[in-house]
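A.B. asks: next input, structure requested:
(one chain, ligands or ions: 1)
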Amino acid sequence: MVNENPVAGKPVEIHSPEDHCSFCASRYFETPPEKARLVRQGDRWERQDTLSAERYFESTAEFRRTGNMFEIVTLDYWRKNYGYKMTGARQRWKEEYLSTPGGMKHILDIVRYKLLQEGKGEEYVGKLSQAEKLAVAEAFFGGAHEMIIAKRHFRDGAATDADLFSSGDLTETEHFWYFRLTIDAIQDIILANRYVRYISVFQNWLRPAGASFDHLHKQLVSLDEWGASIQNQIGMVREDPNVFNQLGVNFAAHHNLVFAENDHAIAYAGIGHRYPTIEIYSRSAAGRPQEHSDDEVRGISNLVHAIHAAMGNQISCNEEWYYTPFDAVYKMPWHVLIKWRVNVPAGFEGGTSIFINPMTPVELRDRIVPRLYRLRDEGKISWLKIAEECHVDPNPLKYYLR
Ligand SMILES: [Zn+2]
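C.D. replies: All right, here's what the predicted structure looks like:
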């Protein structure tokens, strides 16, 4: 029932630099313009913002932040509903970017690509004036649906198309910077668009989990509402401020489902989900990722990374972030769910609304734990308490403290 090991992959020829999809390192011009990239020099990591097109290939990006070419919530939506106007900084970036030949070419090329993908046809695109094409490009600069793209497509020494580079293939340090850049994006989006009330942050890994590219990336979709799930969770916190401890970690601990913890985060096998789900909670008093210290971010990042590493690259999954909305007065803890998309709801579920999760939380825990021990023994993940080593004091999440 659990389809973890796919059929053997097809052989692939690996190129250096990689050019296997539009997110690959030799194809920087196939995404919207870069809002930021992280570059590494030895042990030093540096963020470079809004490079000109001419400078894209002067360095290798460990992670890149760009707009999403096909927005779920569009720039037009923000304009029509709120009279949104691009900030001065975004406007200046757009003008500077378009002022170089490379920048102008890049933008006109991807506008063309986007319109063709949307089924507009060569003839329609050919008739558009430059000004009309640049109007389409506004969203690349002023939009609030973004992507964080990792550098690698395949693992070192990949032989087949099953050797994809997953979150668990990053080092802990790289994974921290992946989180850091994502959190920087959250911060920047809310500064650039004051109508945003929540940003849905997620990572779809492999096609069954909804990924359109087999190349590691996260997405940030900005919303003018919290969405039903956050609404429910905030409702629960209003009823019982300690609910995430009481019905979450404390409850999981009593059922021996907590299987990993470090100073800043705690992980357990979740109960009551449609898919096998691992829940990782920040222990911080802060309720939003951008309010966490670097050490706290590192703590939760390490635990999320350890779980991806334990899962390997063959389980399709959604990584979903939840945290206190920007305009909420009730605080909930930042937490990350990793849902294994190993079962496909079908006619039975559709007809009955009875959802069969193929793996019990105990089975899920027992799948992960031996792999965590092995990774720790091999020195691939940093120190954390595993399984019976976890002490789990009552109420380990401190979000409810002022
Ligand atoms: Zn790629």
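A.B. asks: list the contacts for whichever residue of the stretch 301-402 of the chain sits closest to the ion?
C.D. replies: Here the stretch 301-402 of the chain gets closest to the ion at one residue, residue 313, 13.8 Å apart by CB to the ion. Heads up, the C-betas are built off the backbone N, CA and C, glycines and all. Neighbouring residues of residue 313 by CB atoms under 8 Å, 6 or more residues apart in numbering: 155, 162-166, 168-169.
A.B. asks: and those, which of them are buried?
C.D. replies: Those of the contacts of residue 313 that meet the buried threshold are 162-166, 168-169, by 16 or more other CB atoms under 10 Å.
A.B. asks: farthest pair within these?
C.D. replies: Of all pairs drawn from the buried ones among the contacts of residue 313, the widest gap by CB to CB lies between 162 and 168 and measures 14.3 Å.
A.B. asks: what residues does the stretch 101-250 of the chain put near the ion?
C.D. replies: Residues of the stretch 101-250 of the chain found near the ion, taking CB under 5 Å from the ion as the criterion, are 153, 215.
A.B. asks: and the buried ones among the contacts of residue 313 as CSV, adding pLDDT, secondary structure and distance to residue 119?
C.D. replies: Putting the buried ones among the contacts of residue 313 into CSV (pLDDT from 0 to 100; DSSP: H, G, I helix; E, B strand; the rest coil; distance: CB to CB, whole Å) gives the following:
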residue, pLDDT, secondary structure, distance to residue 119
162, 93, coil, 32
163, 95, coil, 34
164, 96, strand, 29
165, 98, coil, 32
166, 97, coil, 32
168, 97, helix, 37
169, 97, helix, 36
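A.B. asks: between the two ends of stretch 237-256, what distance do you get?
C.D. replies: In stretch 237-256, first residue to last residue: 24 Å (CA to CA, to the nearest Å).
A.B. asks: hmm, who's touching it?
C.D. replies: For stretch 237-256, contacts defined as CB under 8 Å, 6+ apart pick out 236, 258, 266, 268-271, 279, 281, 330-333, 335, 361-362, 365, 390, 392, 394-397, 399-400.
A.B. asks: which residue ranges of the stretch 151-300 of the chain form helices?
C.D. replies: Taking DSSP state H, counting those that start in this stretch to define them, one finds helices in the stretch 151-300 of the chain at 172-192, 228-239, 243, 250-254, 294-311.
A.B. asks: related to what we said a few turns ago, closest one to residue 37 out of the buried ones among the contacts of residue 313, please.
C.D. replies: Checking the buried ones among the contacts of residue 313 against residue 37 with CB to CB, the nearest one is residue 165 at 17.6 Å.
A.B. asks: leaving out the residues flanking it, which one is nearest to that closest one?
C.D. replies: Excluding its sequence neighbours, the residue lying closest to residue 165 (CB to CB, 6 or more residues apart in numbering) is residue 152, at 4.0 Å.
A.B. asks: now swap in residue 391 and tell me
C.D. replies: Setting aside the residues directly before and after it, residue 391 is nearest to residue 385 in space (CB to CB, 6+ apart), at 7.1 Å.
A.B. asks: quick check: beta-bridge partners of that neighbour?
C.D. replies: When assigned by DSSP bridges, residue 385 has beta-bridge partners residue 261.
A.B. asks: and it, what does it touch?
C.D. replies: By CB under 8 Å, 6+ apart, residue 385 lies in contact with 260-262, 391.
A.B. asks: residue 396 too?
C.D. replies: Residue 396 makes contacts with 245, 249, 261, 266, 283, as judged by CB under 8 Å, 6+ apart.
A.B. asks: repeat for residue 320
C.D. replies: Residues touching residue 320, when contacts are defined by CB under 8 Å, 6+ apart, comprise 200-202, 336-337, 339.
A.B. asks: just the closest of those residues to residue 47, please.
C.D. replies: residue 201 (18.1 Å).
A.B. asks: isn't the closest one right up against residue 182?
C.D. replies: Yes - distance between residue 201 and residue 182: 6.3 Å, which falls inside the contact criterion (CB atoms under 8 Å).
A.B. asks: mind listing the shared neighbours of these two?
C.D. replies: Taking CB under 8 Å, 6+ apart as the contact criterion, the residues that touch both residue 201 and residue 182 are 218, 220.
A.B. asks: counting by contacts, list what the helix or strand hosting residue 363 packs against.
C.D. replies: Following DSSP states H and E, one finds residue 363 within helix 361-377. Secondary structure elements in contact with helix 361-377, counted by 3 or more CB pairs under 8 Å, 6 or more residues apart in numbering; DSSP states H and E, are strand 258-261, strand 265-269, strand 277-282, helix 294-311, strand 385-386.
A.B. asks: single out the most deeply packed of the ones you listed.
C.D. replies: The highest average neighbour count among the helices and strands packed on helix 361-377, using mean count of other CB atoms under 10 Å, belongs to strand 265-269 at a mean of 29.
A.B. asks: quick revisit: would you turn the contacts of residue 396 into CSV with pLDDT and distance to residue 355?
C.D. replies: Putting the contacts of residue 396 into CSV (pLDDT from 0 to 100; distance: CB to CB, whole Å) gives the following:
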residue, pLDDT, distance to residue 355
245, 97, 26
249, 97, 24
261, 97, 29
266, 98, 26
283, 97, 30
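A.B. asks: widest-spaced pair of these?
C.D. replies: Within the contacts of residue 396, two members stand farthest from each other by CB to CB: 245 and 261, at 13.6 Å.
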